[in-house]
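Asks: Requesting a structural model of the entry that follows:
(2 chains)
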Amino acid sequence: KAGVTQTPRYLIKTRGQQVTLSCSPISGHRSVSWYQQTPGQGLQFLFEYFSETQRNKGNFPGRFSGRQFSNSRSEMNVSTLELGDSALYLCASSRGDSADYNSPLHFGNGTRLTVT
Amino acid sequence: GDSVTQMEGPVTLSEEAFLTINCTYTATGYPSLFWYVQYPGEGLQLLLKATKADDKGSNKGFEATYRKETTSFHLEKGSVQVSDSAVYFCALSKAAGNKLTFGGGTRVLVKP
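Replies: Presented below is the predicted three-dimensional model:
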């Protein structure tokens, strides 16, 4: 069974640009969530999508957005990039059953974004 | 809001030594608790979990017990190997939506 796939693995962008990151979940998983990992702030929850709807959202500015497609694949977009957006962005998938918040998350290897 | 605090690293050990990583949490209600591990260049993997007070999670020789009275979930392993070198994250979850609150992570380095 293929794991969570994130593309690309590395990105270098310039301040002010925008970027789109992609995540393909494990087959059968309907929930995709995104996390930002930085040395200073650690791992922070961005948002979660389930059946194409945003179900939960963290405390990030509106420049961070996402969407989920009917095949459960998800994209995350960051507009007007700032230097502080440099981070490892991790995607995680799970079955997403609303009654089971204990089902484990399966993480991808991440996309490392560098903003110069 | 909810928070997780874990001991800062790095923790450097010799092979076969005993490992403890402290984790305490602040949360209302009854969270589920998790330990995730991140090996170099990889994403996070679930190591173990506990969903209610006094539950013990275990996997690959690692154990952690959910202690509600001390709001703790300390990770232990009796005899570490070089392959256990990684960053360990304690986390909690309270509701559907896969919103995990993570601790800052503890880097563990095991030397032969």
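Asks: Up against chain A, what does chain B have?
Replies: Residues of chain B found near chain A (Cβ under 8 Å from any Cβ of the partner chain) are B:32, B:34, B:36, B:41-46, B:49, B:51, B:89, B:91, B:93-105. In this view, the C-beta of every residue, glycine as well, is placed from N, C-alpha and C.
Asks: And for the residue nearest to B:Cys23 when sequence neighbours are not counted, the neighbour number?
Replies: Distances taken as Cβ to Cβ, 6 or more residues apart in numbering or on different chains put B:Cys90 closest to B:Cys23, at 3.6 Å, once the chain neighbours are dropped. If you count neighbours by other Cβ atoms under 10 Å in any protein chain shown, B:Cys90 ends up with 29.
Asks: in the sheet, who's paired with B:Cys90?
Replies: B:Trp35 (DSSP bridges).
Asks: about what we covered before: just the ones of the residues of chain B next to chain A in strands?
Replies: Among these, the ones falling in strands (DSSP state E) are B:32, B:34, B:36, B:44-46, B:49, B:89, B:91, B:93, B:101-102.
Asks: who's in contact with the residue nearest to B:Tyr66 when sequence neighbours are not counted?
Replies: For B:Tyr66, ignoring the flanking residues on the chain, the nearest one in space by Cβ to Cβ, 6+ apart is B:Ala50 at 3.9 Å. Shown in contact with B:Ala50 (Cβ atoms under 8 Å, 6 or more residues apart in numbering or on different chains): B:32-33, B:56-57, B:64-66, B:73.
Asks: Report the beta-bridge partners for A:Val32.
Replies: With DSSP bridges as the rule, A:Val32 is bridged to A:Tyr49, A:Ser93.
Asks: A:Leu21 is in contact with that one, correct?
Replies: No - taking contacts as Cβ atoms under 8 Å, A:Val32 lies outside contact range of A:Leu21: 11.5 Å.
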